[in-house]
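[1] using only what follows, build the 3D model:
(one chain, ligands or ions: 1)
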Amino acid sequence: MPIVAPVPGWFPGRRSDTFLAGRKRVLGTAPLSLLNRVVRAASGWLSARASHSFASEQAAGGELPHYHLSVLPDEVNEWMAAGPGKFIIDGTLGGGGHSGAFLATGARVLGIDRDPEALAHARQRLAQYGARFSTWEGNFADFEETPEVQGGEQADGLLLDLGVSSRQLDAAERGFSFMREGPLDMRMGPSSPHTAAEIVNTWSETELSKLLFEFGEEPKARRIAAAIIERRAKRPFDTTTDLAQCIERAIGRQGKTHPATRAFQAIRMAVNEELESLSKALEASTRVLKPGGRLLIITFHSLEDRMVKRFLRYRSTAWLDEPGWPDPRPNPDYQFRLLVRKAVAPTTQEISLNPRARSAKLRVAELLAPAS
Ligand SMILES: C[S@@+](CC[C@H](N)C(=O)[O-])C[C@H]1O[C@@H](n2cnc3c(N)ncnc32)[C@H](O)[C@@H]1O
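    Coordinates of the predicted model:
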């Protein structure tokens, strides 16, 4: 993947420094008058955020708006087995649904998210738990940098509920949805390295085609990449619907799924370096969990599920064997015990209540004590 430099003139109001500063100020404790001033003063993207801003809904005295419906809530609670005296790291805090359930058992929770808006929401939702709940803004791949882990704490459980929340997906101004017009952004937060616009407007045809094929498993990747290059030579892409329409013109519409679905997934994964983050976090989980500590991962598409499945299968195999070897050998990386052999899937009842849960798969493993 190329290192993409920011494209001059693209969404000037969305440079990552502005993004960070704007959000930190707006989404924390700012009163509505300040929020309105910041929004009015800002151009483009920020002004588009005014009517949807979580902070403005809160400041207007409204109820906590619907943010995200947690996936597999009962299964996660059962397998996490949180309780008094336990310390759980929730690497994907989102709306705080799973964390709330862990806190309700008496556990301590560190909630991590790259999205300052999610953190602001969850802090407010879970304020009743006082010092038992702390938060950290950043990539879960870097959870070893949190003050808790730096201070030598090890966790009884680590949850990664991958992907984006309903809130992120539904907010047009975040640019995740091909159904809603918004800036081509797709960053989960300021720590995400590039915007979707940078990728779509600067990557070569070969790079785009590879991205769509590998991350989106899009069979018509080459045709879409060629159409993007041809269109952007006339005018760069700047909105989600602009890109979605170009893809639809290039490959047509068949069946119920929108033709831009796979391409948007692929671009989002690249924008947020999702597979790299997952791979780094899996590796780090062996250092942060206590012996007996539980790793719970919820995936939503085959690439991430394959990565988790292979990692856990290999790390839970005590003996390795190859056709050319005289005898099986002990696996030096034998570190986990699988608690469920097959991934746990949502019930049909859950899917009917929450259709976004339909592709969820939960895998659960327990860290073994180091061999003495
Ligand atoms: C599916 S939602 C989690 C929902 C949450 N479990 C709940 O019950 O409300 C995923 C959240 O994880 C965050 N996220 C995804 N990848 C991340 C990463 N690499 N580092 C930190 N946060 C991440 C997203 O910003 C989003 O808020």
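[2] test my guess that residue 172 contacts residue 182.
    Yes. Residue 172 sits in contact with residue 182 when judged by CB atoms under 8 Å, with a separation of 3.9 Å. Quick note: C-beta positions are derived from backbone N, CA and C, even for glycine.
[3] quick check: which element contains whichever residue of the chain sits closest to the ligand?
    With distances taken as CB to the nearest ligand atom, the chain approaches the ligand most closely at residue 94, which sits 2.5 Å away. Using DSSP states H and E, residue 94 is not contained in any helix or strand.
[4] phi and psi next, for it.
    Summarising the backbone geometry of residue 94 under the convention degrees, to the nearest 10, its torsions are phi 50, psi -130.
[5] for the one 5 residues further on, same thing?
    As for residue 99, its main-chain torsions (degrees, to the nearest 10) stand at phi -60, psi -40.
[6] try residue 87
    Residue torsions, per degrees, to the nearest 10, at residue 87 are phi -120, psi 120.
[7] tally of neighbours for the nearest residue to it once chain neighbours are set aside?
    Using CB to CB, 6 or more residues apart in numbering and skipping the chain neighbours, the partner closest in space to residue 87 is residue 108 (4.9 Å). Using other CB atoms under 10 Å, residue 108 is surrounded by 22 other residues.
[8] what of the one 10 residues further on?
    Using other CB under 10 Å, residue 118 is surrounded by 29 other residues.
[9] whichever strand or helix holds it: how far from the chain's middle?
    Residue 118 belongs to helix 116-125 when elements are defined using DSSP H and E. What separates the centre of helix 116-125 from the centre of its chain is 15 Å, taken as CA atoms, centre = their mean, to the nearest Å.
[10] can you mark which positions in that helix are buried?
    For helix 116-125, burial by neighbour count (16 or more other CB atoms under 10 Å) applies to 116, 117, 118, 119, 120, 121, 122, 123, 125.
[11] and it, does that touch the ligand?
    Yes. Using CB under 6 Å from any ligand atom, we find that helix 116-125 touches the ligand at residue 118.
[12] can we start the residue count at 639 from this point?
    Taking 639 as the first residue, the last one we looked at is helix 754-763.
[13] counting contacts, what elements does that helix pack onto?
    Other helices and strands packing on helix 754-763, by 3 or more CB pairs under 8 Å, 6 or more residues apart in numbering; DSSP states H and E, are helix 654-665, helix 692-697, strand 746-751, strand 771-775, helix 804-808.
[14] repeat the analysis, applying 10 Å as the threshold.
    Contact partners of helix 754-763 among helices and strands, from 3 or more CB pairs under 10 Å, 6 or more residues apart in numbering; DSSP states H and E: helix 654-665, helix 692-697, helix 735-742, strand 746-751, strand 771-775, helix 804-808.
[15] residue numbers of the stretch 789-938 of the chain in contact with the ligand?
    Taking CB under 6 Å from any ligand atom as the criterion, the contact residues of the stretch 789-938 of the chain with the ligand come out as 799, 801, 802, 803, 826, 915.
[16] now whichever helix or strand the last one is part of - C-alpha only, CSV.
    Right, the one you point to is residue 915. Secondary-structure element containing residue 915, defined by DSSP H and E: helix 912-926. Output in CSV follows, covering the C-alpha atoms of helix 912-926 (Å, rounded to 0.1, in the frame of the first residue of the first chain):
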residue,chain,number,x,y,z
GLU,A,912,-8.2,-2.4,10.0
LEU,A,913,-6.4,-5.7,9.3
GLU,A,914,-3.0,-4.3,10.4
SER,A,915,-4.6,-3.1,13.7
LEU,A,916,-6.3,-6.5,14.2
SER,A,917,-3.1,-8.4,13.6
LYS,A,918,-1.1,-6.2,16.0
ALA,A,919,-3.8,-6.5,18.7
LEU,A,920,-3.9,-10.3,18.4
GLU,A,921,-0.2,-10.5,19.0
ALA,A,922,-0.3,-8.0,21.9
SER,A,923,-3.2,-9.9,23.5
THR,A,924,-0.8,-12.6,24.7
ARG,A,925,1.2,-10.0,26.6
VAL,A,926,-1.7,-8.1,28.2
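[17] wasn't residue 930 part of a helix?
    No. Following the definition DSSP: H, G, I helix; E, B strand; the rest coil, residue 930 is strand and is not counted among the residues of a helix.
[18] that one contacts residue 1007, doesn't it?
    Yes. Counting by CB atoms under 10 Å, residue 930 sits close enough to residue 1007 to count as a contact (7.4 Å).
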